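Student: the following comprises the amino acid sequence and a computationally predicted model.
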Amino acid sequence: MNDWQRKSPLDWETYVNKMVKVAVIEKHEYEGWVLTVDPVSASIVLATFLENEKVSISVVLGHAVQEVEILKEGDDEMKQRLSCIFAPEEGKAYSPEELEKRKNDLKTWLETNHIPVAEQGEAGRTLCVAGVLTIDPPYGPEECSSSNEIILSRVQGLIQGYLEKQQ
């Protein structure tokens, strides 16, 4: 076990949101912003910002780390950029009235096409197709879930086609 692995999670936390240079075995070095350190393996997750707002993520395995040198402190703007790397993209926000209309329109369309559909859950917010697939708000292909991959794929395709015709 090396010195890096012997550190505590509180010690590792002091490296988060900082630009570091990590020296590893066999004289390799990695530079990047520390997103997190895995508390079990002591592995370091580094982010490097490329051109075009792209991000490169590297994981340096804890057992290979020999030395970590802090190069630069992260300012508030950098902390915000780092915290958004793995955050899901913000979708369009729908009002409760818009969600109700989307649900009712989709339900009517499914019924018109002879696909059995029912409302379920609290306040009937979830649509259930043929008892094997659910569609949650905002009622797009990404919100479908089913353990049957064939049905899931086909219903997602139908909903995608329906939404494209709506626009």
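Tutor: On my side now, so go ahead.

Student: mind listing what's buried in the worst-scoring helix or strand of the chain on mean pLDDT?
Tutor: Ranking every helix and strand in the chain by mean pLDDT, DSSP states H and E puts helix 76-83 at the bottom, with a mean of 90. Judged by neighbour count using 16 or more other Cβ atoms under 10 Å, the buried positions of helix 76-83 are M78, R81, L82. No exception for glycine: its C-beta is placed from N, CA and C like everyone else's.

Student: any chance of a markdown table for those, columns distance to E100?
Tutor: Shown next, in a markdown table, are the buried residues of helix 76-83 (distance: Cβ to Cβ, whole Å):
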| residue | distance to E100 |
| --- | --- |
| M78 | 41 |
| R81 | 37 |
| L82 | 38 |
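
Student: for the residues you listed, which one is nearest Q160?
Tutor: R81 (32.1 Å; Cβ to Cβ).

Student: got a list of what the closest one touches?
Tutor: Neighbouring residues of R81 by Cβ atoms under 8 Å, 6 or more residues apart in numbering: F49.

Student: how much space separates it from G32?
Tutor: R81 sits 13 Å away from G32, going by Cβ to Cβ, to the nearest Å.
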